[in-house]
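Q: Below are the sequence and a predicted model; questions follow.
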Amino acid sequence: MRLVTFRDGKGTRIGTLDEAGKVLDLAAADAAMPRDMLALIAAGPSALAAARAAEDKAPVAEGATILAPIPRPAKNIFCVGKNYHEHAKEFASSGFDATAKEVVPEAPVVFSKPPTSVIGPHDPIPSFLDTSNSTDYEGEIAVVIGTRGRGIREADAYAHVFGYTIVNDVTARTLQHRHRQWILGKGIDGFCPMGPAIVTADAAGTPPRLAISTWVNGELRQRATIDDLIFAVPTLIATISAAITLEPGDIIATGTPAGVGIGFTPPRFLKPGDKVRIEVPGIGVLENPVA
């Protein structure tokens, strides 16, 4: 099942995407359905089962605008840097990595993006807020937590996963380099496009069978599978939860493959008018213009 948050003339609520990509209105089929994604996730397996039952009789939501699946996360989005071997190498050689002594990290590099950075599909990326004119893209598969936990063992990690979505970890590279720690370069308002849907964990598989591709203006820039991660999903969940309690609706962006703008000589930064398209079969397409 692919769950979405959408808006129409009746307000904002949750739905699903059918095979044709049309939005199905779950609340129209079941008035007791939670109205937002965080509430649905927090309500647990019974609410997910009710959503599945409602999907079978839900009507198409005409004129729906798909938003980020979690438009306003409850806390910062956890992100992981340099988690694909080839990207770690291109980042190290780019001159923009001011933090690391080793090319491939010995442990997960975890940072965060604030909730105010989240935008939805087709929303413009506000590159004008990056006064350094060094805006870059990073297509990523993100994990959505379903069950609360702290000190989660790797062997138990998948039991805490609700599903998966797509994130573009948009980055102001000059600010990332200047401030050493990455939150100012990556946490700019609107620098976290997300969506279009959350594919539920059962549909994605355990471990998930997901692949990601990124295009800029129709040119393929990135392609990888989740199997290529240096630190796999269970390791990321165990590492983060060893220090911080993970709660329903928390998001972990797992890292980006090689092919980002700073991997080129000279760097190929985003500019107004560009379009970034990220696709993960089974989840959908996240596409955003650059403003």
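A: Structure received.

Q: for the stretch 51-200 of the chain, what spans make up the helices?
A: With DSSP state H, counting those that start in this stretch applied, the stretch 51-200 of the chain shows helices at 85-92, 173-178, 183-186, listed in chain order.

Q: quick one: Ala39 is in a strand?
A: No: using DSSP: H, G, I helix; E, B strand; the rest coil, the assignment for Ala39 is helix, not a strand.

Q: okay, it: pLDDT?
A: What the model reports as pLDDT for Ala39 is 98.

Q: what does the one 4 residues further on give?
A: At Ala43, the predicted lDDT confidence score is 97.

Q: ok, now which ones touch the nearest residue to it once chain neighbours are set aside?
A: Leaving aside its sequence neighbours, Ala43 sits nearest to Pro34 (Cβ to Cβ, 6 or more residues apart in numbering; 5.9 Å). For the C-beta atoms, the positions are set from N, CA and C on the backbone; glycine is no exception. Pro34 sits next to Ile14, Leu40, Ala43, Ala47 when contact means Cβ atoms under 8 Å, 6 or more residues apart in numbering.

Q: and Pro34, that's in a helix?
A: No: according to three-state DSSP, Pro34 belongs to no helix; its state is coil.

Q: Now it. Its backbone dihedrals?
A: Pro34 adopts backbone torsions of phi -50, psi 150, taken as degrees, to the nearest 10.

Q: Going along the chain, name the strands of the stretch 51-200 of the chain.
A: 65-66, 77-81, 109-113, 118-119, 135-136, 139-145, 161-168, 171-172, 192-193, 198-200 (DSSP state E, counting those that start in this stretch).

Q: Quick one: those as TSV, columns for mean neighbour count and mean pLDDT too.
A: Shown next, in TSV, are the strands of the stretch 51-200 of the chain (neighbours: other Cβ atoms under 10 Å; pLDDT from 0 to 100):
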stretch	mean neighbour count	mean pLDDT
strand 65-66	18	98
strand 77-81	26	97
strand 109-113	20	96
strand 118-119	24	98
strand 135-136	26	98
strand 139-145	26	98
strand 161-168	26	98
strand 171-172	28	95
strand 192-193	28	98
strand 198-200	26	98
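
Q: Dump those to JSON lines, plus distance to Gly273.
A: Rendered in JSON lines, the data for the strands of the stretch 51-200 of the chain read as follows (distance: least, Cβ to Cβ, whole Å):
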{"stretch": "strand 65-66", "distance to Gly273": "22"}
{"stretch": "strand 77-81", "distance to Gly273": "27"}
{"stretch": "strand 109-113", "distance to Gly273": "24"}
{"stretch": "strand 118-119", "distance to Gly273": "17"}
{"stretch": "strand 135-136", "distance to Gly273": "13"}
{"stretch": "strand 139-145", "distance to Gly273": "19"}
{"stretch": "strand 161-168", "distance to Gly273": "17"}
{"stretch": "strand 171-172", "distance to Gly273": "18"}
{"stretch": "strand 192-193", "distance to Gly273": "16"}
{"stretch": "strand 198-200", "distance to Gly273": "30"}
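
Q: Nearest to Asp25 among those would be which one?
A: strand 65-66 (12.4 Å; Cβ to Cβ).

Q: what packs against that closest one?
A: The helices and strands touching strand 65-66, judged by 3 or more Cβ pairs under 8 Å, 6 or more residues apart in numbering; DSSP states H and E, are strand 2-8.

Q: How far off centre is the strand it packs on?
A: 16 Å (Cα atoms, centre = their mean, to the nearest Å).

Q: From the contact counts, what lies against it?
A: strand 11-17, helix 37-42, strand 65-66, strand 198-200.

Q: Quick check: which of these is buried the most?
A: Mean neighbours per residue, mean count of other Cβ atoms under 10 Å, is largest over the helices and strands packed on strand 2-8 for strand 198-200, with a mean of 26.
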